[in-house]
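*Asks:* A predicted structure for the sequence below; I have some questions about it.
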Amino acid sequence: CTVVAFGGGALVAELTAMGVDVHVTSPLPVEDADAYEGRLAELSSWLDGQHHTAALVNTFRSFPGADLAARRGLPVVWAIHESWPESLIWTFDHPGVRVHPAIRAIASRALAHAGAVIFESEATRALYDDRAHGRTLVVHYGVDTAELDAFAASTSPPEARHALGLEEAGRVMLVMGTVEPRKGQTLLAEAFATVAAAHADATLVLVGDLHTPYSEALRTFLDRAGIAGRTRLEEVTPDALSWYRASDVLICGSDVESLPRSVLDAMALGVPVVATRVFGVAELLDDGDTGLLFEPLDLAAAIGAIERALSMPASDLGGIGERGRALVREKYDSAGYAADVVALLRGLLADPSALPGSILAATPRESGSAQSASS
């Protein structure tokens, strides 16, 4: 197994320590078709001596991997996480760049030739199914529940609050994710400011500050709204689990989100989730049972959702958290996700014409499930 990465990152050392080869290269150009072909030829030449037999491509942005594998005749399983239609993905993945029409055509061709294209939600799958010739599948994304259980056993909520400098009493509402417009932190801050006076023991914590203009605008709002003392804006941290463990509620305010890892991590730790009714989140949570839902980009709805969570008795919130925890263990464990991906790779190796739904139907998970949209 070799991981090809279009740029380095924190996982390189971890993967290397696991014995996984990592080949770091630079992103392929999308504005110049000739330059793209030249770089792809370099990657193909490197691939000659590697003896790989299949490809797993992660995210739409990594379409060159699917293109290269298709040209080499390798079976491709392509996991697309972005819930943007293909016409908009280029704008968000390559802002300010005029993507060459030939590159768009290459990505579309790679999508059409992939053996299996997998998604975290039915709503996201529906954006691509016609271009993937019906070879699409929803495979429930997962988290390592055993690792999360071990963390919960080793760190109590009071211990986590003490380590993070939070008061032991009071209700802590957590927003976890890179501070950026599509995740709606400013909307959530404005909603919290509206109800904060009625809930004097509540604290709003926003984790994911990268010191961008958007996050600086958020910080300015917290000051001007008079709630800076009731909120914390924290930088991106590798220790996300402590924040979940210290919190009473996780809030997700995104207007575009396939199925965020933060929601699954929080649920696996028994933290009730309040989230926007978008894509895979709406498919995951049943309002009032396994979570609380509200409409995206709607301040009044956000105010109502936060008020609802802050006014709910602790026993009711705890019940939502426990039902969410059970759901993640049943359907969203990473071992099941990995088993499905491996089954798809092996199935396509055995029969490149096999439909992904048929492959998984023949090798069902013991834990979790996949939902086929192909036949």
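*Replies:* Received it, and whenever you're ready, just let me know what you need.
*Asks:* who's the closest residue to D340 other than its chain neighbours bridged to?
*Replies:* Distances taken as C-beta to C-beta, 6 or more residues apart in numbering put V139 closest to D340, at 4.8 Å, once the chain neighbours are dropped. For glycine as for every other residue, the C-beta is placed from the backbone atoms N, C-alpha and C. Following DSSP bridges, V139 is listed with bridge partners A370.
*Asks:* residues contacting V139?
*Replies:* Residues in contact with V139 (C-beta atoms under 8 Å, 6 or more residues apart in numbering) are 79, 118-120, 337, 340-341, 360, 370.
*Asks:* pull the most distant pair out of the residues you listed.
*Replies:* Largest separation among the contacts of V139 by C-beta to C-beta: E120 and L360, giving 15.2 Å.
*Asks:* neighbour count: those two, which is higher?
*Replies:* Set side by side, E120 and L360 show more neighbours around E120, with 28 against 23, by other C-beta atoms under 10 Å.
*Asks:* for the more buried one, grab phi and psi.
*Replies:* The phi/psi pair for E120 (degrees, to the nearest 10) reads phi -90, psi -10.
*Asks:* ok, it to A266 distance?
*Replies:* Computed with C-beta to C-beta, to the nearest Å, the distance linking E120 and A266 is 16 Å.
*Asks:* with Y332 instead?
*Replies:* Y332 sits 12 Å away from A266, going by C-beta to C-beta.
*Asks:* more neighbours: those two, which one.
*Replies:* Higher neighbour count among Y332 and A266: A266, with 33 against 24, using other C-beta under 10 Å.
*Asks:* next SSE after the longest strand anywhere in the chain?
*Replies:* Secondary structure of the chain read by DSSP state E shows that its longest strand is strand 202-209. Counting by DSSP states H and E, the next helix or strand C-terminal to strand 202-209 is helix 213-224.
*Asks:* hmm, who's touching that next one?
*Replies:* The contact list for helix 213-224, computed with C-beta under 8 Å, 6+ apart, reads 179-181, 185-186, 189-190, 206, 209, 228, 231, 233.
*Asks:* next one: the residue most central in space within the chain relative to L284, how far apart?
*Replies:* Nearest to the geometric centre of the chain sits P260, at 3.5 Å (C-alpha atoms, centre = their mean). Separation of P260 from L284 (C-beta to C-beta): 10 Å.
*Asks:* equivalent analysis for T59, please.
*Replies:* In terms of C-beta to C-beta, T59 sits 20 Å off from L284.
*Asks:* ok, those two, which is more surrounded?
*Replies:* When T59 and L284 are compared for neighbours, L284 comes out ahead with 26 against 15, by other C-beta under 10 Å.
*Asks:* disregarding residues adjacent in the polypeptide, which is nearest to the more buried one?
*Replies:* Using C-beta to C-beta, 6+ apart and skipping residues adjacent in sequence, the residue nearest L284 is L259, 6.4 Å away.
*Asks:* ok, the residue nearest to the centre of the chain touching G253?
*Replies:* No. Here P260 does not reach G253: they are 10.9 Å apart, not a contact under C-beta atoms under 8 Å.
*Asks:* now do the contacts for the nearest residue to A266 once chain neighbours are set aside.
*Replies:* Nearest non-adjacent residue to A266, counting by C-beta to C-beta, 6+ apart: L250, 4.0 Å away. Shown in contact with L250 (C-beta under 8 Å, 6+ apart): 173-176, 244, 262-263, 266, 271-275.
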